[in-house]
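J.: Sequence and predicted structure are below.
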2 protein chains.
Amino acid sequence: MTFQLDQFLPYRLSIAAAEVSRRFAERYAAEAGLSIPEWRVLAHLAHSGSVSIRDITRRVHLDKSVVSRAASRLEQAGHVAKCGHDGDRRLIALCLTPQGEALMARLAHIANDFQTHLQDLLGKDADAFDAGLTRLLDQAGRPDNRS
Amino acid sequence: MTFQLDQFLPYRLSIAAAEVSRRFAERYAAEAGLSIPEWRVLAHLAHSGSVSIRDITRRVHLDKSVVSRAASRLEQAGHVAKCGHDGDRRLIALCLTPQGEALMARLAHIANDFQTHLQDLLGKDADAFDAGLTRLLDQAGRPDNRS
DNA sequence: AAATATTCGTTGTGATTGCAACGATCCTAA
DNA sequence: TTAGGATCGTTGCAATCACAACGAATATTT
């Protein structure tokens, strides 16, 4: 039974993802000193308006403790404000401050550039690659409701 | 400037890789109680014969401290033996024990099944998806010589 | 309404990671 | 030959993560 690790899809996928993330993280770390969780929280807030930590946790694939601490750091940096939620006092409504919006505008530009760069790199395989990702992600979200 | 995190390629890639790895890790953790680094070291040894930690570090995309500790655990579990290298006494020659080979035979079967499962899931996009991964990985290995 | 269960965000904890020393060994050049 | 530098594997350390426990607030059940 032969087995070649470097032809094994989960391995290749993992290395590719780590490398792509590392490269992109370099850029927004240089721009704003953000960690990966901080970037994700910020990016999610950018197109979701006011959201609770629970919502972010669910949509952004991070543990709630990670989101909580990332949100605190973002708040301390002045990018995010924590307003109490109206109806449910357990919830916290996170939203971007004007400063956070300005930062996110710059980051969105960087992100879109990076995405374009990747699509160029993928060339003719770009569409099928993305379709494949969709299939893997659909399968992922299916069975467990993530604790 | 609109930005949708869940259409952003590095993010999608990262989630997909994490999910695929998690699923596969479930299987070999159930079979042998291995961590991801331990699995990678074992899998690399399976088709590389006797190798040093340095070699594994380079080919398997893990820090040398991680490889070192994984190798120690594998040795303690009896899957791997550390023989001194012939010419260079700085190097360590890692190789599978018979027990390690037997384990790896079972794991190779599990891995190949999983790979087949993923390819079925990808369907007609499988080839292009793999080609895309190759492009991303080629780009990755290019510029820096990884410390 | 009272009691119980569930959910929210935070915080504590053990394990793991990445990075930087460190001794030991080997290589290179004077 | 010998001194200076490079490389090997290990280990120490700070930062981070996953998971559990917790108080507070809300839902649900009786």
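T.: Cool, the structure landed. Computed from a predicted model, the values in this text were never measured in an experiment.
J.: Can you tell me the centre-most residue of chain A?
T.: In chain A, the C-alpha nearest the mean C-alpha coordinate belongs to A:Arg40, at 3.4 Å (CA atoms, centre = their mean).
J.: For that one, give me its contacts.
T.: Counting by CB atoms under 8 Å, 6 or more residues apart in numbering or on different chains, A:Arg40 makes contact with A:56, A:60, A:62, A:70, B:5, B:11. Every residue, glycine included, has its C-beta placed from N, CA and C.
J.: Read off the pLDDT value for it.
T.: On pLDDT, A:Arg40 comes in at 97.
J.: same question, the one 10 residues further on
T.: Predicted confidence (pLDDT) at A:Ser50: the value is 85.
J.: any idea how far B:Asn112 is from it?
T.: According to CB to CB, to the nearest Å, A:Ser50 stands 48 Å off from B:Asn112.
J.: phi, psi of the residue nearest to the centre of chain A?
T.: phi -70, psi -40 (degrees, to the nearest 10).
J.: And for A:Gln115?
T.: phi -60, psi -40.
J.: thinking it is in contact with B:Leu9, fair?
T.: Yes. Counting by CB atoms under 8 Å, A:Gln115 touches B:Leu9, with 5.5 Å between them.
J.: Excluding sequence neighbours, find me the nearest residue to A:Arg69.
T.: A:Pro37 (7.7 Å; CB to CB, 6 or more residues apart in numbering or on different chains).
J.: was I right about the one you found contacting A:Val66?
T.: Yes. Assessed by CB under 8 Å, A:Pro37 is found in contact with A:Val66 at 5.0 Å.
J.: Walking through chain A, point out its helices one by one.
T.: Assigned by DSSP state H, chain A shows helices spanning A:9-32, A:36-48, A:53-60, A:64-76, A:98-122, A:126-141.
J.: can you tell which of those is closest to B:Asp130?
T.: For these, the distance to B:Asp130 is smallest for helix A:9-32, at 7.3 Å, taking CB to CB.
J.: what about that closest one and DNA strand C, any contact?
T.: No. No part of helix A:9-32 sits near DNA strand C under the criterion CB under 7 Å from any atom of the strand; the closest distance found is 7.7 Å.
J.: mind listing what's buried in that helix?
T.: By 16 or more other CB atoms under 10 Å in any protein chain shown, the buried positions in helix A:9-32 come out as A:9-17, A:19-21, A:23-24, A:28, A:32.
J.: Give the residue spans of chain A that score low on pLDDT.
T.: Counting by pLDDT under 70, chain A contains low-confidence ranges at A:1, A:140-147.
J.: Enumerate the residues of it near DNA strand C.
T.: Residues of chain A lying near DNA strand C (CB under 7 Å from any atom of the strand): A:52-54, A:57, A:64-65, A:68-69, A:71-72, A:82, A:88, A:90-92.
J.: List buried residues within those residues.
T.: Among these, those classed as buried by 16+ other CB under 10 Å are A:52-53, A:57, A:68, A:71, A:92.
J.: If we only consider those residues, which is nearest to DNA strand D?
T.: Nearest to DNA strand D out of these is A:Ser68 (CB to the nearest atom of the strand; 8.7 Å).
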